[in-house]
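1. pasting the structure only:
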């Protein structure tokens, strides 16, 4: 009997990115060095009032910030911000391809909130075309459109520049199956967010708890199996969100990145 040949898993071609919210106060050169040391090649930059680059100064600061990141080998793949014209203009000048947002739910209910958000997106379509910058909408448990399918319904009929930012943790919190939601969203897929979460019972009831990748409800091996089947090779963004502050974010996200790299190639991460 001939010996069976074990074919090694294929090398990953993803651009591994990280949401830099935990370090959003750092200048670009320091942030770039930190992100590179953690093992990433890309970054989603927070452009918010509490961050180093704010919406008000984005046109002046984001191009310089992006160049500082690139000087350290880090490609800015997106910003987490708003849909104001100044942010679109800043992204165009900086060469950042996407603005990521979430679809907020107001006190007037789900249907009214979705209609309102759809109107805002239709207005933003003019800016997206003018500046050639994509808009990515992420599902988010709680006070936002919580499911992948809800976001896809929101995007239906909008220009191709409007993308789904699929999120492993929020997909699991919604009780969905990545083999279904990723396939249904493949035509709109812009970024895959990778994090994990679980529900925990507290004195006030059930709440969400964000945990390392090997502890939550999302099965990352199923996520990557689906992405391989779909032939998708876009950015994977680890978001660095952990509810327990006992361990530094840098330590946890470095391990999650190592595990994700192994899992993405069909391997099994080592324990510990």
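-> Structure received. Note that the structure is a prediction, hence the values are computed from the model and not measured.

2. can you list the buried residues in stretch 148-162?
-> 148-152, 154-155, 158, 161-162 (16 or more other C-beta atoms under 10 Å). Heads up, the C-betas are built off the backbone N, CA and C, glycines and all.

3. and which of these is nearest residue 137?
-> residue 151 (5.1 Å; C-beta to C-beta).

4. all the strands of the protein, residue numbers only.
-> With DSSP state E as the criterion, the chain has strands at 16-19, 42-46, 75-80, 98-102, 134-138, 162-167, 189-194, 196-202, 205-211, 236-238.

5. could you dump the buried residues of stretch 148-162 into CSV and include distance to residue 109 and pLDDT?
-> Shown next, in CSV, are the buried residues of stretch 148-162 (distance: C-beta to C-beta, whole Å; pLDDT from 0 to 100):
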residue, distance to residue 109, pLDDT
148, 21, 98
149, 18, 97
150, 14, 98
151, 17, 98
152, 20, 98
154, 15, 97
155, 20, 98
158, 22, 98
161, 28, 97
162, 23, 98
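
6. what about those, which are in helices?
-> Mapping the buried residues of stretch 148-162 onto helices (DSSP state H) picks out 148-152, 154-155.

7. model confidence for the nearest residue to residue 27 once chain neighbours are set aside, exactly?
-> Nearest non-adjacent residue to residue 27, counting by C-beta to C-beta, 6 or more residues apart in numbering: residue 52, 6.1 Å away. Here, the pLDDT recorded for residue 52 equals 98.

8. repeat that for the one 3 residues further on.
-> With respect to pLDDT, residue 55 scores 98.

9. related to what we said a few turns ago, from the buried residues of stretch 148-162, which is closest to residue 169?
-> Closest approach to residue 169 among those (C-beta to C-beta): residue 148, at 12.0 Å.

10. contacts only, for that closest one.
-> 139, 164, 166, 171, 174, 176, 181, 184-185 (C-beta atoms under 8 Å, 6 or more residues apart in numbering).

11. now it: closest residue in space that isn't a chain neighbour?
-> Closest to residue 148 by C-beta to C-beta, 6+ apart is residue 181, at 3.9 Å.

12. that neighbour reaches residue 171, doesn't it?
-> Yes: Residue 181 is within contact range of residue 171, at 5.6 Å (criterion: C-beta atoms under 8 Å).

13. what do the two both touch?
-> With C-beta under 8 Å, 6+ apart as the test, residue 181 and residue 171 both reach 147-148.
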